[in-house]
Each structure stands twice: as structure tokens, then as C-alpha cells.
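**Student:** Have a look at this prediction, sequence included:
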2 protein chains.
Amino acid sequence: MADYRELWDSLDMDLEKHDQLCEVLPEFYGDIYMTQENRAEGMNYFNFVVSEIHGLRIKELNEHRKDGGKVFGSFCVFVPDEVIMAADGIGVGLCGGSDFWVPDGEKVLPRNMCPLIKASVGAKLSGTCPYFQSADMLVGETTCDGKKKAWEILGEYTPMHVMDLPQMKREKDYTHFKEEINTFKEKVEDLTGNKITLESLKEKIKLVNDKRRVLQRLYDARKSDKLPISGKDSLLITQVAFYDDPNRFIQKTNELCDELEERIEKNISVFKDDTPRILLTGTPMAIPNWKMHHLIETSGGAVVCEEACTGTKYFERLVDENITDLDSGLQALSDRYMGINCACFSPNEGRIEDIIRLYKEYNADGVIYNSLPFCHTYAIEYKKVKDALDKEGIPVMMIESDYSMQDAGQINTRLEAFFEMISMNKELAI
Amino acid sequence: MADYRELWDSLDMDLEKHDQLCEVLPEFYGDIYMTQENRAEGMNYFNFVVSEIHGLRIKELNEHRKDGGKVFGSFCVFVPDEVIMAADGIGVGLCGGSDFWVPDGEKVLPRNMCPLIKASVGAKLSGTCPYFQSADMLVGETTCDGKKKAWEILGEYTPMHVMDLPQMKREKDYTHFKEEINTFKEKVEDLTGNKITLESLKEKIKLVNDKRRVLQRLYDARKSDKLPISGKDSLLITQVAFYDDPNRFIQKTNELCDELEERIEKNISVFKDDTPRILLTGTPMAIPNWKMHHLIETSGGAVVCEEACTGTKYFERLVDENITDLDSGLQALSDRYMGINCACFSPNEGRIEDIIRLYKEYNADGVIYNSLPFCHTYAIEYKKVKDALDKEGIPVMMIESDYSMQDAGQINTRLEAFFEMISMNKELAI
């Protein structure tokens, strides 16, 4: 990707350090992704996107900015992309998924913190992520204590706006979030210089819904008895959805889905029969965090669904497209986004219902509850989820793990035992 | 305290386990408190309170409940006692400050969590805290992820009401908290069967303000060049304020203050001249957590002020007593409570101003930033505080520590080095 050095330099990046990152990623990706057999042809686009991860898209962002457009970086599925797009802005997801950035994050944050936050802050501080460097504004939110307080520190380095997400889901909390979306809209209008109109908002609600529809289509293919795609590949597609051009992403993913549906008709699967089908639930997996999927799918399991921000939380449920004015547009956005059952809410019974529903919809055999370390909300919520799943007779296992591969062997052993138990249960049930 | 066994039994306590707790506390208290020399006579009342910690006050709560009164247990300085009292309820602070309760908390909560939350939940689950057993309702709040989610679990064992504390301090957040106080008021009225009137609210605002006034008087005595009382004793008094009868507490603390002011006039100090004066800032120290004070004051320092929930956050600033109706009463409560500069708010610049102000007011020589482990909000906020104190030339040291005494030696060493550095700085300044 040597062609982009000039561009990166213009973004005030630490080129030397960035070279180190560029050196490891292709091999890392190759080991995890290119070793898979019988992948769909349509995955070539996503291979290409990863190979160009700090290139082509950054060039597009740069051209957009040269033309006077603005780029907004966000860290959470509660930030409404529709608002950014309706003002001709581009939104990119910035959550850090690599160990590479953790040490720089630890220069300003406590070590006893979730690696996602440390990596996100470290990515900015180290000047090695061109997406951070391309963002004209970062948009934080108050979903957890770690993020809420980390934005104060990140704000010392770059312009930030923080959306105040409610902690409960009463009627007044929906109104509160609608007001927050309105405040955000004003910020976006100020920065872009573009007024959001009913027409532009409607158009972008439709566009983002289309992205949700194609992701749902992809996930529907994973409900099939014969799995036409690995969980690992599906995760990658969801991760790419956070920063790729939405129209291109929709087109390419639809093309892939055509192929996947053909595979289903032809009974083509990327897994052996009787591979335990796993619903993964828990904390987000930011690119390039493919660890848990990789461990599961090299230990004899298949991930069929992610109840996570990088999963169903991102695309399930559409924003109402029949809005009649800006106010009803904001309400529709609040209604859709507040419907996400994040562990930051109290109570959060809806998530338990989601997990049980998804378990059935995706015909899963077991649930893996995956939490990044020091994530209080998801770690504490495990008890309620486990109690509910126990009652339903659904096998569940909790794995807490960060970005390093040091615990890979240990997790492998646990996974193999879990899958063996599942397989035995299935045999007994026949 | 054998006289109380019947009472404890009636509260559905685990008497055997409780005996274990009762066995260790007197010795623990003796070692830490009774070894101090030259204590004020007025401390005898507080010695007595501790010796009767699970006795006399529990009997009072029991009599109150027999007469149809209700008891509310809370965990945070944001819960307005005035509202509870105005409906003839009694409020008691329930935060767990002992390692004894941590293992029971860990049965339902993750281990990677702050010991205060684990101990609080463990105290209920183990049935060994008569205050928990005497509470007709627990009142939680959303000050941190750990507590917010722990209340969901605690709510499985006992009736709970959760107050939604805002995460920012904009005008609308003040209004939001006023509404939360109003919702709480309705809950309290429902449970007690007593309507809160302007008169009863005014009266209790005055009473709680009087408690704040006497604590301020106590703290004012600590501003003196000659310290008439140890930090350890002051902390105990603040801790007792959370559950003692308010009128008696005010009277006894005023009596103590008379004595302390006499001591000041007579130049009587409990510390040697030139003992480094420490402002302690950070997470709450729930009874019987006296660890940090004990370590500081046996390592050659003196704690002159606590910028903490068990300190200035609890009593500084009064509620406006000139309210004209219930609505203005709720507004006055919201204004006072929202003025607390807790690390749960973002941004929280007011806390930095408080720390610098208190450092000067109490004529401190250095700041110790004390955080319970896994407290994200306080741990992350340290960077901003340190940056500001560095700018002011104020020495600061961070100590993260839980309830166990395993790290006591290590902390001692760090403290001694810190105090030596402070003393050298002072000598150089002369």
C-alpha cells in the first residue's frame, strides 16, 4: 500500500509506527481468513476491502473532505448514521480491535480497562489509524463508565461531541434520546454547513435501512441447516459495514447473498454436518478482533449468529420510513435506536428475550457469552442471562478474554469440552 | 451484644455467620482506633456507637418499624434523606466496607469489581447485616455501571427502587433529577402511607442541613495548624452520620466540636509538628473501611480532609431552606444534590476545582488519590486531576487498593517515600 504514503503523511500520521501495523495485518488476516476452505466467491470483495483497509476508503474520505464534506467517527451503534448522512457527512466506526493500540491507550488510561476503549484511544494517540486522522469530529456516547470518562481524555486531542444515552427505557428516556439526537443534528449541521431536510433525512433513513436489510439477508442465510458461510466471514462483513461506502457495501453484500442462497439450494456448507451451532452474545468485536470466532471455528464449532453490536444489535429492526416531518423523523430514530437491548440499560430484560429468540431462529445448539475484560455491564448481566438460559435448558458458557492470543490454548480446551457436551446432549435427544 | 440475638433472629439473619463477624470487629476496631493517643473525650460516644453497631440502632429501627414506620437503605450521597424523613421514614447508609462480605457478593457478581459493591450485595445475601435486614426498601442509583447492574441482581432478593442519576450537568439534567426525586417521593409516600407536606419537607431540610453544619464545624477544626483530631476519628464520625439518629448525632458531634475548638485554643494536637497534612480524594470509605487513613496515619502523615462521599461531598453546600411549596422544595433538593462533583458526571471539572480549593482551605501538603479497584470513573478521572495538580505544583499520589490488608506493607513504603518528598519540599521552601 506504498501508494498511500503521501496521503497518510498529509493526515499527520506516525508513518514509521504505522508501517509496523501494516506489516503484521496481512499475515494475521491470511492466517485467520485465507486458510478457510470452500469460501464463497463473493468474499473476494471483502478480502479486497481488508487489503485496502488503510488505502482506498481513506482516499475516498480524503476526496470527500477536499470537496468540503465532513467525516464523523463514532464508537457505538447508538450514534445515528442517518443524521450524519442526511447532512452529506460520512460516518465511520472507529472502535479499536487490535492489541497494537493498547499500549498507547494505557499511557493515559488505567490498565484495568476494556481493551476496546484502550485501543480506541491508543489508535488516536499513536497517530497510526488513518480513519481517526480523517475524522473532523468524533462522536462519543455515555454507554459505559469507561467510554464516558475516556471521551474527556480523547477530547483533549481532537474535537468531540458526546451523546447522552439514557440508562433506562421509560417513555421519558425515549424523549430524552430524541432530544439528544436533535442536539447532535444541530452539531452536524453546524460542522457540515448543510441543513438536514425532511427529504434528505427520509432518503438516508431508507439507505441505512437498506444496509440493515442486506445484513438481515446475510444473517438469514445463516439460519440454514447447511451453513453457506462461516461465522468468521459474516463477522468480517458486519465489521466492514461500519466504514465502507454504504451503496457499494449493499450491492456487494447482495451479490454475496445471491451466491449464498444458491449454495443453500445446492446443500453446500462450509462446515461438516453436526458441527455445533453457536450463538455468540456479548461485547462488540471491532475489526480486526476475530479472535473468538476463530477459536470457535477451529475448535469444532460454527458461529451462526452474533447477538452483539457487531451483529444483530446493528441491523435488526428498521427505522420507520413513513415520516412526515423532521420531528417525526427524530422520533422514529429514537424509537429504533432505543430498541437496542444494550447491557447499559437497567433493567435489560429485552436482551434475554432476544437471546432466546435468536437461539431458536438460528437453530443454535449452545450460547457462548463473550465479554471483554472489565466490561462491568456485560459481565454482571451474565448472571441474569445464565439464569434464564438454564431455565430454558439452553447450554451457555462465559468466556472473558481480551485481544491477546495468550489465552488461546486455554479457551480452545474449554470450547472443545463445551462442544463435546453439546454433541452428547444432541445424541441423547435423538 | 448477646442481648440482641432474639432481635437478630427476628430479622431472619444467619446468626452463626453473624457471630463470626461480631468476633472480629471489636479487635479490628481496637487495633486501629483504641491505639490512638490523646483522643478527645467526645470520641467516647463514637466508640460506643461502634460497640453497639449491630445493637442499639437496630433496636431503634425495630421499634420504629413496630410503630408502623419504614426504613430505607441507600448506597449513595445522591439519595435525598430529606424526602425519606419528611414521610417519617428512617434512612440508613448501607454501603459495605468489609472484606467479610466480599465472597458472598462474588457468588452472584464478577470478581473483577469494586469491593464496595461486592460487599454491599454480599451483606444482603449472607444475611449478616441487620441494617439490610431492617430495610423495608433499598434505594439504588445509576451512579456507576457496577451499581446500576448490581441492583438488578440485588432486586431479586429484596424490594428496590432505583433513582436515575443524570450523567451530565446541563440544565435539563437538573430538571431530570428533580423529576427523579419526585418519583422517589411518590414511592416513599406509598410505602410509608404518609404524605409529604411543605412543612414536613422544610423541617427535614433544616434537620439534614444541621447535620451538614455540624460536619462542616468538625471539618473546620481540621483546618487548624494544630490538629485536634485524627483523620481516622473524623472519618468514623462521617461514617456514623450515615446511620445514626440525626438529632443525637448532631448533639454529640457538636459536643465533640466544643472540645476540639477548646483544644485548638490550647494548641493541643494529636500529631507531631510538621506532620505532612494530606487531602484524601477519591472513592467512598464505607464503615469499617479505615484502611487508607490507618496506613497514612501510621506512616507519618495526617489526613486533614476527605474529598469523598464519606467526606465533603456528603455535607458541603446546604439545601435552600426558604422553599415556598413542594415544587420549589424538590428543585432545591435537585440543585443541592446535583452540585456534588461525582466522577460519574462527564465532564466533571468541578471536582478538580474542589480538590484545589480544599487543598488550600485545609492547608494540605499533598494529595492522595485513593481509588477502589475497578472503579472506572475515579480511575480514569485521575489523569485530569493529576494534570491539574501538577500545573498547580501540588504533590499527588494515586493508590488503588481494596479492603484486604495484603498490600499494606507496600502501601506503607510508598506513603513514607511520599511524605519524605513532601517534607523535603517544605524544607526547601523555607
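**Tutor:** Yep, that arrived.

**Student:** nearest spatial neighbour of the residue in the stretch 151-300 of chain A positioned nearest to chain B, skipping sequence neighbours?
**Tutor:** With CB to the nearest CB as the measure, A:Gln167 is the residue of the stretch 151-300 of chain A nearest to chain B, at 4.7 Å. Any C-beta I mention is one placed from the backbone N, CA and C, and that applies to glycine too. Computed as CB to CB, 6 or more residues apart in numbering or on different chains, the closest residue to A:Gln167 that is not its neighbour in sequence is B:Thr142, at 4.7 Å.

**Student:** and if you look at A:Cys344?
**Tutor:** A:Thr143 (4.5 Å).

**Student:** same check, this time on A:Thr192
**Tutor:** Among residues not flanking A:Thr192 along the chain, A:Ala87 sits closest, at 4.3 Å (CB to CB, 6+ apart).

**Student:** Which pLDDT value goes with that neighbour?
**Tutor:** Looking at A:Ala87, its pLDDT stands at 98.

**Student:** and it, how far is that from A:Asp81?
**Tutor:** Counting by CB to CB, to the nearest Å, the separation of A:Ala87 from A:Asp81 is 11 Å.

**Student:** cool, A:Leu318 as well?
**Tutor:** Counting by CB to CB - A:Leu318 and A:Asp81 are separated by 13 Å.

**Student:** who's in contact with stretch A:45-64?
**Tutor:** Contacts to stretch A:45-64, defined as CB atoms under 8 Å, 6 or more residues apart in numbering or on different chains, come from residues A:1, A:3-4, A:7-8, A:10-11, A:18, A:22, A:25-26, A:29, A:33-34, A:71, A:90, A:92, A:129-131, A:134, A:233, A:236-237, A:240, A:243-245, A:252, A:255-256, A:287.

**Student:** and the stretch 251-400 of chain A, which of its residues are near chain B?
**Tutor:** Contact residues, the stretch 251-400 of chain A versus chain B (CB under 8 Å from any CB of the partner chain): A:343-344, A:346-348, A:373-374, A:376-377, A:379-384.

**Student:** swap that for the stretch 1-150 of chain A, sorry
**Tutor:** Residues of the stretch 1-150 of chain A lying near chain B by CB under 8 Å from any CB: A:108-110, A:112-113, A:142, A:144-146, A:148-150.

**Student:** Of those, which belong to helices?
**Tutor:** Judged by DSSP state H, helices contain the following of the residues of the stretch 1-150 of chain A next to chain B: A:145-146, A:148-150.

**Student:** with these in mind, which one is nearest to A:Glu400?
**Tutor:** Closest approach to A:Glu400 among these (CB to CB): A:Gly146, at 15.1 Å.

**Student:** Please give me every residue in contact with that closest one.
**Tutor:** A:113-114, A:117, A:374-375, B:376, B:380.

**Student:** now the residue nearest to A:Cys344: how far from B:Ala379?
**Tutor:** Counting by CB to CB, the gap from A:Thr143 to B:Ala379 is 18 Å.

**Student:** Of these two, which one has the most company?
**Tutor:** Here A:Thr143 and B:Ala379 are compared on neighbour count by other CB atoms under 10 Å in any protein chain shown; more neighbours surround B:Ala379, at 27 against 23.
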